[in-house]
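Trainee: Here is the input, now give the coordinates:
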Amino acid sequence: MTSTTAAAPEVAPFQLFDLTVVRTRRLGPSILRITLGGPGSEGFRGGGRDQSLSLLLPRPGQREAVVPAAGGGTWHERWRALPEDERAVLRSYAVRAERPRPDGSTEVDLDFVLHGNGGPASRWARAAAPGDRITVAGPAVADNTAVHFRPPADTDWVLIRADETALPAAAAVLEWLPAGLPARVWLEVARTEDRQALNTAAKSRISWLVRSEGAACGVETVRAAALPEGTPYAWIAGEASRLRALRHHLVRERGFAPERVTSTTYWTRGLSEEQARRAGSEAVSAGISSAEHPKAEWADQVAR
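Mentor: The predicted structure follows:
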């Protein structure tokens, strides 16, 4: 007698989730935390660290975002098939925290930097209230390509440099680091009150760079520092031009191996996310590596 077992269907690494605003909370003058969850969050499986997701937001003049319907292909292919001037605006954010609930749902914390009138995400965040609905493209498997913080096994210590847009990811990375691992950390924020209490078991030395206090926030902050001995791994995130300068310093002046420096662009001065994504996609098509064009890797992963 022969028995057969049907193979479990493959889970797409990124899927659309219809989430509900559970609560909102101000963390400082510039930072707002929004917790999403409720029915529709089942199956959300992030990988921690610098895990990211994409919000699908309405365009100006729209009451609701135009999101892809269920069907074949990936969510991104279905999104691209919609008219460009109608389909939802995409904005990418790091997952600050993820909490499975007893009912099978998942709560997800996202931290928004609020500045001026802002763009679509900032406008949505300012108006968000419990009960509001939003569609996100997020991970359904923990080991996914939107997690970039991946120190090699032989790492003796880590270097972290992030501005406030990457602060949620940096905070999640610090929580993930193993106990006792040396970490040298620089975190940039706009105001003193934007600093946060951070939890980590790592042997970390954290420096807050507060712009309103006149802190130097460029590559010079790292250039002037005495760094630990041993084999390093660096994760740097924030504005594109500053990342290029810091990566150049670490690789060319400090002697870091290029493959041991992960740089993730969270924003590009003077460009919207659509423009930055287009530049990154063009760089990927032209065969330019993410080391040469930091938007390339980001644009590739957000399309998955």
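Trainee: what number of residues lie near Arg91?
Mentor: Neighbourhood size, Arg91 [other CB atoms under 10 Å]: 22. Bear in mind the C-beta positions are built from the backbone N, C-alpha and C, glycine included.
Trainee: ugh, wrong one, Asp194
Mentor: The burial count for Asp194: 21, using other CB under 10 Å.
Trainee: and it, what is it in contact with?
Mentor: Asp194 makes contacts with 27-31, 164, 210, as judged by CB atoms under 8 Å, 6 or more residues apart in numbering.
Trainee: let's go with 6 Å and repeat that
Mentor: If a contact means CB atoms under 6 Å, 6 or more residues apart in numbering, then Asp194 has 28, 30-31 as its contacts.
Trainee: Could you identify which of these has the most neighbours?
Mentor: Going by other CB under 10 Å, Ile31 tops the contacts of Asp194 with 22 neighbours.
Trainee: which stretches of this protein form strands?
Mentor: Applying DSSP state E to the chain gives strands spanning 14-26, 31-37, 52-57, 89-94, 97-100, 106-113, 133-139, 157-162, 182-189, 203-210, 232-239, 261-267.
Trainee: shaky segments in the stretch 201-304 of the chain?
Mentor: 270-304 (pLDDT under 70).
Trainee: same thing but at 90, please
Mentor: Filtered on pLDDT under 90, the stretch 201-304 of the chain yields the residue ranges 218, 268-304.
Trainee: in the sheet, who's paired with Ser204?
Mentor: Legend: beta-bridge partners of Ser204 under DSSP bridges are Ala183.
Trainee: so how far is Glu77 from it?
Mentor: Ser204 sits 41 Å away from Glu77, going by CB to CB, to the nearest Å.
Trainee: How about Leu167?
Mentor: For Leu167, the distance to Glu77 - CB to CB - is 32 Å.
Trainee: Skipping adjacent residues, who's closest to Arg45 in space?
Mentor: Once flanking residues are discounted, Arg45 sits nearest to Ala142: 5.1 Å by CB to CB, 6 or more residues apart in numbering.
Trainee: count of residues packed around the one you found?
Mentor: Ala142: 13 surrounding residues under other CB under 10 Å.
Trainee: Could you do the one 3 residues further on as well?
Mentor: Neighbours of Thr145 under the rule other CB under 10 Å: 14.
Trainee: what does Arg133 give?
Mentor: When neighbours are counted by other CB under 10 Å, Arg133 registers 13.
Trainee: hey, what's it bridged with?
Mentor: Bridge pairing for Arg133 (DSSP bridges) gives the partners Thr20.
Trainee: Please apply the same query to Thr24.
Mentor: Ile34.
Trainee: wait, doesn't Ser212 sit right on Val189?
Mentor: No. Counting by CB atoms under 6 Å, Ser212 does not reach Val189; the two are 8.7 Å apart.
Trainee: who has more neighbours, these two?
Mentor: Neighbours around Ser212 and Val189, counted as other CB under 10 Å, are more numerous at Val189. The numbers are 26 against 12.
Trainee: Show me what that one bridges to in the sheet.
Mentor: With DSSP bridges as the rule, Val189 is bridged to Val210.
Trainee: Can you give me the pLDDT of it?
Mentor: At Val189, the pLDDT value in this model is 96.
Trainee: roughly how far apart are it and Pro151?
Mentor: 25 Å.
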